[in-house]
Every structure is written in C-alpha cells, then in structure tokens.
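A.B. asks: model the structure of this input:
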Amino acid sequence: MTNKVVVIFSGGMDSFTVLNRALKDGKEVFALSFDYGQRHVKELECASKVCKSLAVSHKVIDISAINQLLAGSSLTDDIEIPEGNYEVDNMKSTVVPNRNMILISLAVAYAVSVKASQVYYGAHSGDHNIYPDCRPEFVEKMNDVCQIANYDAVEIFSPYLTVSKSAILTDGLSMGLDYSNTWTCYNGRDKACGKCGACQERLEAFRDNNAIDPISYE
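C.D. replies: Numbers count the residues shown, from 1 in each chain. Okay, the predicted model is just below:
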C-alpha cells in the first residue's frame with residue numbers, strides 16, 4: 001500500500017477535517033474538488049484557499065455539464081433550499097442523484113493515475129437517513145467494486161462514517177483546526193444563511209463542542 005491518498009474535498013467542514021486527518025496520519029494527500037453546478041459554489045473557493053495554505057496538491061474539476069442529468073435536487077435545480085432541522089423529511093430535496101457514486105468513481109480514476117491506494121470522503125452518521133450514498137452499506141459495496149475495477153485496487157475510506165458531525169468537529173478542534181475557511185450553507189450567498197438544514201447542523205455541532213463558529217451569518 002502506498003502512502004498516497006486522494007481526498008474528495010468539497011470545502012465543507014467535514015471534508016476539511018478528513019483532509020487534515022489524512023495529513024495528520026502522515027498521508028501524501030491529493031485533494032480533489034468538483035464543480036457539478038451546485039449553487040453553493042463558494043465551497044470551492046474555500047477548498048482552494050485551504051489547499052494553498054497547506055501546500056496540498058489540489059485539482060478542481062468542472063463536471064457541471066452533467067448538471068442536466070441531475071435534475072430534481074435543490075442543490076442543482078431551481079428549487080428552494082429547505083430551512084429548519086437536518087432531518088430526512090425536510091432535507092430530502094437536497095439529494096443529488098447518484099452524486100457520490102459519480103464523484104468517487106472519478107476520484108478512484110485519479111487515484112489509479114497517481115498510484116494512490118485510498119480515496120477518502122467525509123460521510124458521517126448524521127447523513128445516513130437522508131443520503132443513501134453516505135450509508136455504510138454504500139461505502140462497503142463501493143469499496144468492493146473498487147478493489148476489482150482496475151488493475152490496482154483502491155480502498156474507499158470514510159474515517160468518520162459511524163460518528164456524528166459534532167464528533168467530527170471534536171476531532172478537528174483537537175487538531176487545532178481553524179474552520180473559518182470552510183463553507184457549509186446550501187445557499188450560495190456571501191454569508192451563511194443560518195437557517196437551512198446544513199447550517200443548523202453545523203451550528204449544533206459547534207454548540208455541542210462549546211465552541212463559536214468563526215464564519216459570518218446573515
């Protein structure tokens with residue numbers, strides 16, 4: 001197994017913690033971000049700033065042409081972003097069809113090309129009810145496929161798969177991470193709305209850790 005890993009890095013607080021966890025564990029990180037037509041494209045700006053500050057290899061890949069195939073999600077379509085609790089009935093409209101299978105497949109191709117042995121991504125237990133492609137069974141099956149899809153096996157690794165967003169933040173704070181250059185809000189405005197489910201879950205994680213979120217809210 002090589003020391004190289006590809007990290008799917010959205011620019012959000014979960015993948016930011018995953019990226020730093022990989023670095024902390026001594027991995028040579030190749031960060032990979034995707035523009036798939038998401039309205040909260042500001043997360044990509046954060047991703048670029050973070051990777052530049054950490055001197056991490058970073059590619060931002062424009063796959064927005066596939067947006068026409070991903071209809072029906074409030075993240076990519078002209079559908080209002082839901083506000084309120086981060087729960088399945090409220091957040092189901094934010095599911096982007098087949099997103100993680102697409103992104104992981106592209107990340108695996110990149111991993112093979114740079115001879116990386118693993119692809120990291122930031123699924124966690126709070127996503128299990130809402131997003132089918134963040135559930136343990138999905139990760140397990142994708143991992144099985146990626147062992148045989150190429151001559152070189154690639155492991156799909158989600159270090160926080162069974163813990164909450166609050167626990168992810170706990171680990172990040174223990175590493176001394178600064179979350180000011182992360183973006184979670186599903187709205188693509190200058191400041192985070194503080195009302196959408198993603199913002200609500202983020203703020204709850206900071207409250208659970210008796211910490212103050214360093215980003216600005218409307």
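A.B. asks: report how many residues lie close to Trp53.
C.D. replies: One thing to correct before we go on: residue 53 is Ser, not Trp. By other C-beta atoms under 10 Å, the residues close to Ser53 number 10. C-beta coordinates here come from the backbone N, C-alpha and C atoms, glycine included.
A.B. asks: with the one 10 residues further on instead?
C.D. replies: When neighbours are counted by other C-beta under 10 Å, Ile63 registers 14.
A.B. asks: what sits against it?
C.D. replies: 34-36, 102, 106 (C-beta atoms under 8 Å, 6 or more residues apart in numbering).
A.B. asks: recalculate using a threshold of 7 Å.
C.D. replies: By C-beta atoms under 7 Å, 6 or more residues apart in numbering, Ile63 lies in contact with 34-36.
A.B. asks: of those, which is the nearest to Glu45?
C.D. replies: Asp35 (10.9 Å; C-beta to C-beta).
A.B. asks: need the phi and psi values for the closest one.
C.D. replies: phi -100, psi 100 (degrees, to the nearest 10).
A.B. asks: quick check: the gap between it and Gly172.
C.D. replies: 25 Å (C-beta to C-beta, to the nearest Å).
A.B. asks: more crowded one of the two?
C.D. replies: More neighbours surround Gly172 than the other of Asp35 and Gly172, with 24 against 14 (other C-beta under 10 Å).
A.B. asks: which residues does the more buried one contact?
C.D. replies: 17, 20.
A.B. asks: and if you look at Cys46?
C.D. replies: 11, 181-183.
A.B. asks: so can I have a markdown table of these showing secondary structure and pLDDT?
C.D. replies: Formatted as a markdown table, the contacts of Cys46 follow (DSSP: H, G, I helix; E, B strand; the rest coil; pLDDT from 0 to 100):
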| residue | secondary structure | pLDDT |
| --- | --- | --- |
| Gly11 | coil | 95 |
| Asn181 | helix | 93 |
| Thr182 | coil | 96 |
| Trp183 | coil | 94 |
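A.B. asks: quick one: pLDDT of the nearest residue to Tyr36 once chain neighbours are set aside?
C.D. replies: Closest residue in space to Tyr36, ignoring its immediate chain neighbours: Ile63 at 5.2 Å, by C-beta to C-beta, 6 or more residues apart in numbering. Ile63 carries a pLDDT value of 85.
A.B. asks: again with Gln118
C.D. replies: 97.
A.B. asks: thinking it is in contact with Phe157, fair?
C.D. replies: Yes: under the criterion of C-beta atoms under 7 Å, Gln118 makes contact with Phe157 at 4.8 Å.
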